[in-house]
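Novice: Starting from these lines, generate the structure:
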Amino acid sequence: MAEISLRKIDQSNGYDCFSLKLTEEQKLFVSDPVRSLAQAYLFKDQCTPFGIYDGSKMVGYLLVIYDPDESEYNLWHVMIDRDYQNHGYGTAAVKQAIAYAETKPFGRADKLSLTCDSRNVHAYSMYLKLGFLPTGRMSDEETELAIAI
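Specialist: Next comes the predicted model:
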């Protein structure tokens with residue numbers, strides 16, 4: 001693993017994101033990259049899509065969105081390509097996403113939240129290890145977790 005970085009997804013690297021693949025099991029938990037980038041475009045005034053890079057290679061993506069109604073940031077659609085999983089990319093990327101949210105690029109907030117299906121054991125465990133805590137709220141089948149920023 002080289003230097004892990006987040007880079008904004010735009011016209012220059014969007015197609016790299018489209019080629020990222022999940023395992024069949026993970027398709028239950030994470031949106032397709034095309035759908036995720038479409039959502040990011042719809043909310044472009046409050047959402048930043050990032051490619052997760054190992055050096056010059058995109059290995060995943062995530063979205064950080066600001067919810068002005070709740071005055072909080074949300075981590076959306078964290079995805080690591082099936083060929084690059086279990087190498088620490090997700091952990092490194094989420095740490096960087098937390099640091100990005102702490103800069104409050106879209107507005108004031110005191111937390112970064114996300115939802116995660118508890119059946120997605122690896123991701124759920126990673127978020128807990130990074131300091132996210134259950135809020136007691138649910139969204140469909142997913143538990144909301146949050147961390148102070």
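Novice: Mean confidence (pLDDT) on the biggest helix by length in the chain, please.
Specialist: Ranked by residue count, the top helix of the chain under DSSP state H comes out as helix 89-102. For helix 89-102, the mean pLDDT works out to 97.
Novice: just checking, what packs against the next helix or strand after it?
Specialist: With elements assigned by DSSP states H and E, the helix or strand that comes after helix 89-102 is strand 111-116. The contact analysis (3 or more CB pairs under 8 Å, 6 or more residues apart in numbering; DSSP states H and E) places strand 111-116 against strand 72-80, helix 89-102, helix 121-129, strand 142-148. C-beta: built from backbone N, CA, C; applies to glycine.
Novice: Buried deepest among these, which one?
Specialist: strand 72-80 (a mean of 23; mean count of other CB atoms under 10 Å).
Novice: what's the angle between that strand and helix 89-102?
Specialist: With axes from the mean of the first three to the mean of the last three CA atoms, to 10 degrees as the basis, strand 72-80 and helix 89-102 are set at 160 degrees to each other.
Novice: Walk me through which strands strand 72-80 pairs with, and which way each runs.
Specialist: Take DSSP bridges as the rule and strand 72-80 pairs in its sheet with strand 57-67 (antiparallel), strand 111-116 (parallel).
Novice: now that strand: how far from the chain's centre is it?
Specialist: 3 Å (CA atoms, centre = their mean, to the nearest Å).
Novice: what do you get for stretch 70-89?
Specialist: The answer for stretch 70-89 is 4 Å, by CA atoms, centre = their mean.
Novice: circling back: I'd like the helices and strands packed on strand 111-116 as a markdown table, with distance to residue 135 appended.
Specialist: As requested, those are exported to a markdown table (distance: least, CB to CB, whole Å):
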| stretch | distance to residue 135 |
| --- | --- |
| strand 72-80 | 10 |
| helix 89-102 | 16 |
| helix 121-129 | 12 |
| strand 142-148 | 5 |
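Novice: and residue 24, how many neighbours does it have?
Specialist: Close neighbours of residue 24, defined as other CB atoms under 10 Å, add up to 7.
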